[in-house]
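**Q** please find the sequence and the predicted model below.
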Amino acid sequence: MEIATPALELPRKIWTREEAHALLDTGFPRTDKLELINGDLIGKMKKRPHVICQHRIQKWLERAFGGQYIEIVAPIDVTGNDNVNNEPEPDLILTAEELQSYQTNPQPRDIRLLIEVADSSLALDLNQKAALYARAAIVEYWVIDLPHQLVPVHRNPLAGAYRSIVSYSFAQDIAPLAKPDSLFCMDRL
């Protein structure tokens, strides 16, 4: 008869932004980029389809808005207490001002559109990050869901949640709030 042994519960280290920066400043060895989400240091390893998709969306954003407003995989601030344990690095950021005008991380009020390209990170992007961005009142957040070929578009943040979430297929046009006459369609990229 086999005796079940209880699983060992290890204490979880909740990282602050300050601690994460200090760790990285020491030269902590890593093979991938890290971002801080809800106190966890999360590796951002990207597969080739993710890289290609991100590049194509970047080119569309540059044509629609101008490259001086597009930031790629860069840290942003969120809001209030969330800044203590979070420093997300969205795949693509559309800012209100030209990039050189930001001496620190863009603030939520500076962000016109956030885009995450998701394959293995889909659950994180649709749950923890969506909640984090909604609490920060980021006006528009898209997730490019590669496995299901959908684009969930999150809008109207209110009281820490997006009130409008509409999923578009890759064949459908999406009009970003920041420029409604510039239609986005994954299949046409």
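**A** Nice, thanks for sending it over. This one's a predicted model, so the numbers in the text were calculated from it and none came from an experiment.

**Q** could you report the neighbour count for Leu177?
**A** Residue neighbour count, defined by other Cβ atoms under 10 Å, stands at 12 for Leu177. For the C-beta atoms, the positions are set from N, CA and C on the backbone; glycine is no exception.

**Q** hang on, I meant Val117
**A** Each residue near Val117 was counted by other Cβ under 10 Å, and the total is 25.

**Q** and it, helix, strand or coil?
**A** Classification of Val117 into helix, strand or coil gives strand, according to DSSP: H, G, I helix; E, B strand; the rest coil.

**Q** so how far is Gln128 from it?
**A** Relative to Gln128, Val117 is positioned 16 Å away (criterion: Cβ to Cβ, to the nearest Å).

**Q** one more: Ile144?
**A** Applying Cβ to Cβ, one obtains 17 Å for the distance of Ile144 from Gln128.

**Q** where does Leu124 sit, in terms of helix or strand?
**A** Using DSSP states H and E, Leu124 maps to helix 122-126.

**Q** list of residues touching that helix?
**A** Residues from elsewhere that reach helix 122-126 (Cβ atoms under 8 Å, 6 or more residues apart in numbering): 37, 42, 116, 118, 143, 145, 147, 152.

**Q** next, the buried residues of it.
**A** Buried residues in helix 122-126, counted by 16 or more other Cβ atoms under 10 Å: 122, 124-126.

**Q** shaky segments in the chain?
**A** Counting by pLDDT under 70, the chain shows low-confidence ranges at 1-8, 10, 21, 23-24, 27-32, 35, 40-41, 43-45.

**Q** mind doing that once more with 90?
**A** Applying pLDDT under 90 to the predicted model, the residue ranges of the chain that meet it are 1-50, 80, 119-121, 189.

**Q** which residue is nearest the middle of it?
**A** For the chain, the residue sitting closest to the mean C-alpha position, by Cα atoms, centre = their mean, is Pro90 at 3.1 Å.

**Q** neighbours of Ala74, how many?
**A** Ala74 has 16 neighbouring residues, counting by other Cβ under 10 Å.

**Q** for this structure, what spans make up the strands?
**A** 33-37, 40-44, 70-72, 92-95, 111-118, 140-145, 150-158, 161-169 (DSSP state E).

**Q** which of those sits closest to Leu189?
**A** Set against Leu189 and scored by Cβ to Cβ, these come closest in strand 140-145, at 10.1 Å.

**Q** that closest one to strand 111-118, inter-axis angle?
**A** Going by axes from the mean of the first three to the mean of the last three Cα atoms, to 10 degrees, strand 140-145 is angled at 10 degrees with respect to strand 111-118.

**Q** hmm, who's touching strand 140-145?
**A** Everything outside strand 140-145 that qualifies as a contact, by Cβ under 8 Å, 6+ apart, is 53, 57, 112-118, 122, 125-126, 129-130, 133-134, 151-155, 162, 167, 174, 176-178, 186.
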